[in-house]
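>>> Give the three-dimensional model of this entry:
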Amino acid sequence: MSGAEGSRVSGAEGSRVSGAEGSRVSGAGGSGLPLLGLTLPQFSERVEPALAACRDAHRFGFGGVFVFDHLWPLGQPSRPALECWTLLAAVAAEAGRAPGAGGLRVGTLVTRAGLRAPALVARMAATVGQVAGTRPVIGVGRGDLANQPENLAFGLPFGDPADRARAVEDTVAALRGPQAGSRSTPGPPSGFPRPPPPPHT
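Numbers count the residues shown, from 1 in each chain. Just a heads-up that it's a prediction; the model follows:
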C-alpha cells in the first residue's frame, strides 16, 4: 500500500512502515476515513521486528496492530512463530509507552477458540488491555482442518465443527463476562466447570 508523502507498508515478514515523519495512513476521529491496522511480523524467533513495526505503526498513524494465533505458520511446522498472546502483551507494553498511544489498538487476527480455556482468554485480554491502556480488539475464530496438525502437535484437542463453534460461543461469552473486567455477568467464569457440591458428612 502506498500513500501520501511516500508512506508505504511492505511485505508481511519483517514488514516495516517507511515515509515522512508525521504522515498519517489512517483516519482520525471524525475524519470519515477508515482506521487501518497492521499485521505484525511474528513468524520469527525474535520479538524486536514486531516491536519495531508497532512503533512505526504508531508513528505513521495506523489505528491498530494485530497478531495471528498460530503455533506455527500454516503448513510450515519447522518455521518459528512467536506465541500470539505472549507477543500481544509485549506489543501492548510497547504501544502503552508511546506518547499519545491511547489511539493505537492492539488485538488478535484472530484468536482460536479451543486453544485455551475461555475464561483464561478473557483474563489475558483484560491484562493486555491494562498494559496497553485501551481495550484490545479480539477477533475469535474456530479454526479449520488446516489447524488440526498444530493442535495435535501441542497435545490440544481438535473437535468437530460443532464443538469448535461452541468453543467460539463460550469464548465470546467469557470475553463479555466478569473475567474480562465486565461487572454485568454474575456467576462463575464461562468456560470453567462449576465447582462440585460439598461432600456429604
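>>> I'd guess Ala57 is in a helix, am I close?
Yes - counting by DSSP: H, G, I helix; E, B strand; the rest coil, Ala57 is located in a helix.
>>> From Pro41, how far out is it?
According to Cβ to Cβ, to the nearest Å, Ala57 and Pro41 sit 12 Å apart. All C-beta atoms are positioned from the backbone trio N, CA, C, and that covers glycine.
>>> And those two? Which one has more around it.
Ala57 (31 against 21; other Cβ atoms under 10 Å).
>>> From Asp163, how far out is the residue nearest to the more buried one when sequence neighbours are not counted?
Closest residue to Ala57 apart from its sequence neighbours, by Cβ to Cβ, 6 or more residues apart in numbering: Leu38 at 4.5 Å. Per Cβ to Cβ, Leu38 is found 33 Å from Asp163.
>>> between the two, which one's more packed in?
The residue with more neighbours, out of Leu38 and Asp163, is Leu38; 24 against 13, by other Cβ under 10 Å.
>>> Report the secondary structure state of that one.
Taking three-state DSSP, the label given to Leu38 is strand.
>>> Same check on Ala167?
Secondary structure of Ala167, per three-state DSSP, is helix.
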